[in-house]
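*Asks:* predicted model, plus sequence, below.
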Amino acid sequence: MKILYEFIPRLDFVSSAAKVKDLVDGFNITDSAGGAPAPGGISVACVLKQIYPDKVTIPMMITNYKGPVEVGASALAAEAMGVDGILPDPGDPPRYGTLIRTREDGSCQTISDPDEILAYRRSTGPAEEVRNFLRKSIKINKTKIGCLLTARVPAEAAIERMKDDWDFGFFLRLEESTLPKLKEIGTECKRMGKSFYPYFIVGTEKNQKVLQRIGWPASATMETAEKFIADMEGYVDGIIATCLGDVASDMELLAKAQKFRG
């Protein structure tokens, strides 16, 4: 099982990555999370891949903040630097400017109506359009492209999505009640030869407000983390470990996860 770390880059991201490099197999890098400017996910991934070529680097590509040229340019940078994969997703509305939707043919539109934005973000089509634009128009062929899967939909729907032209999937909203769904999806992903990683969020005293704000459940507590990880063995290729910005607890979680690496 590979242990990936949800890496939230700040200006000191190089030194921050050095602190966890021996505890992880790779990084899932956020991309201006919450719509607020931060070092870009793909830019950070390119740097980390250069420093740590043996580490898996899979950045988010939040497309709400990027027009078609920037979507293509970012993906080409990932391809040039050997970044392992990218995960295009609409993400949160931008804190500055207007939301941009890139279409499969390379055209785009801006969306400002709140109801339209909500409907757009909840739909699955935008990510598929960006993936197809990258494959067909930008000619991305080495870098793997993945999608987000959520426990909010039936396992059958997630499996059908993975049967499309996605190379890997990340699973959201993992908790005890959704573990059977994860196992069902993971079994089918293994059969298809596609990598499958859940976000494994450990709740702590410090991250409760963040959990409430984003509306996600915690997967486990620090006390139950090891048992929960053990229950996923054989169904996932790895986990994306995070305490949602509680860095001290991140280190504790990563230490607990070491026994599962390999």
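*Replies:* Yep, that arrived. Numbers count the residues shown, from 1 in each chain.

*Asks:* biggest strand in this protein by residues?
*Replies:* strand 195-203 (DSSP state E).

*Asks:* helices or strands up against that strand?
*Replies:* Under the contact definition 3 or more C-beta pairs under 8 Å, 6 or more residues apart in numbering; DSSP states H and E, strand 195-203 sits against strand 2-7, strand 168-172, helix 179-192, strand 220-221, helix 225-232, strand 238-242. In short, each C-beta sits where N, CA and C put it, glycine included.

*Asks:* the last one pairs with which strands?
*Replies:* If I follow you right, that is strand 238-242. strand 2-7 (parallel), strand 195-203 (parallel) (DSSP bridges).

*Asks:* extract the CA atoms of the helix or strand just after it and return them as PDB.
*Replies:* Downstream of strand 238-242, the next assigned helix or strand under DSSP states H and E is helix 247-257. Extracted C-alpha coordinates of helix 247-257, given in PDB (Å, rounded to 0.1, in the frame of the first residue of the first chain):
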ATOM      1  CA  VAL A 247       0.400  19.500  10.600                       C
ATOM      2  CA  ALA A 248       1.500  18.000  14.000                       C
ATOM      3  CA  SER A 249      -1.300  15.400  13.700                       C
ATOM      4  CA  ASP A 250      -0.300  14.700  10.100                       C
ATOM      5  CA  MET A 251       3.100  13.600  11.300                       C
ATOM      6  CA  GLU A 252       1.500  11.400  13.900                       C
ATOM      7  CA  LEU A 253      -0.800   9.800  11.300                       C
ATOM      8  CA  LEU A 254       2.000   9.200   8.900                       C
ATOM      9  CA  ALA A 255       4.100   7.600  11.600                       C
ATOM     10  CA  LYS A 256       1.200   5.200  12.300                       C
ATOM     11  CA  ALA A 257       0.800   4.400   8.600                       C
END
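
*Asks:* who touches helix 247-257?
*Replies:* Under the contact criterion C-beta atoms under 8 Å, 6 or more residues apart in numbering, helix 247-257 has outside partners 3, 5, 19-20, 23-24, 202, 204, 206-207, 222, 225-226, 229, 239, 241-243.

*Asks:* and the longest strand of the chain, what's its mean pLDDT?
*Replies:* Average pLDDT, strand 195-203: 98.

*Asks:* report the distance from it to the chain centre.
*Replies:* 9 Å (C-alpha atoms, centre = their mean, to the nearest Å).

*Asks:* list of residues touching the helix or strand of the chain with the lowest mean pLDDT?
*Replies:* Least confident element among the helices and strands of the chain, by mean pLDDT, DSSP states H and E: helix 114-122 (a mean of 85). Residues from elsewhere that reach helix 114-122, judged by C-beta under 8 Å, 6+ apart: 90-93, 99, 101, 111, 126.
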